[in-house]
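>>> Build me a model:
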Amino acid sequence: MKEKVRCPWCLKFDQYIRYHDEEWGVPVHDDRIHFEFLILEGAQAGLSWSTILKKREGYRKSFADFDPVKVSKFTEARMEKILLDPGIIRNKLKVYAAVNNAKRFLEVQKEFGTFNDYIWGFVGGKPIVNKWKSLGEVPATTKESDALSKDLIKRGFKFVGSTVIYAHMQACGLVNDHLVDCWKYKKV
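Numbering: from 1, shown residues only. You can find the predicted model right below:
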């Protein structure tokens, strides 16, 4: 049987391959999942995504299964306790940003009905389908990620630079950046 062709960035270990095959680039319309990726992408800033994937369960436990209402109520004491957990990236700025971002996330939900409606508005409500043939063609940012990042920053979000936000857009299927020869390209 012929082996599936995959985007080469995911071939380092099985968990990465599963993430690529089951999640990456699949359009997300669930606010909890959007919030999860905002926390994870913010934590990833300056690190590899594989590091974050390996700590995902730790984040799930420390951040109330990515419930923005619960996270928005975390106290200083709770954040300091989270910083002792080796199951996450123990960076004070990133942990405090996650709690801040939960509060901002709830404000966006209140204004737009859902975070999903807000974020998909930056791509006209449907995924941008790219036609990359190699990883070298895939950009780190786009005009859409620049605009979304700028708006999130204006709303008080932290760790949402354009590169982080483009990674979020890729992960949550707002853009299809699977390479054209990848088996997932036509699936998403």
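>>> check contacts around the residue most central in space within the chain.
Compute the mean C-alpha point of the chain, and by CA atoms, centre = their mean the closest residue is F37, 3.0 Å away. Residues in contact with F37 (CB atoms under 8 Å, 6 or more residues apart in numbering) are 28, 168, 171-172. All C-beta atoms are positioned from the backbone trio N, CA, C, and that covers glycine.
>>> biggest separation within those, which pair?
Checked with CB to CB, those reach their widest spread between V28 and H168, with 9.5 Å between them.
>>> Quick check: neighbours shared by those two?
34, 37.
>>> coming back round to it: quick one: which of the contacts of F37 sit in helices?
By the criterion of DSSP state H, membership of the contacts of F37 in helices covers 168, 171.
>>> What is the nearest of the contacts of F37 to Y185?
Taking CB to CB as the measure, Y185 lies nearest A171 of the contacts of F37, at 15.7 Å.
>>> so where's the chain uncertain?
In the predicted model of the chain, residues 1-2 satisfy pLDDT under 70.
>>> quick one: the strands in this structure?
128-129, 175-176 (DSSP state E).
>>> Reformat these as TSV; add distance to R56.
Compiled in TSV, the strands of the chain are given as follows (distance: least, CB to CB, whole Å):
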stretch	distance to R56
strand 128-129	26
strand 175-176	22
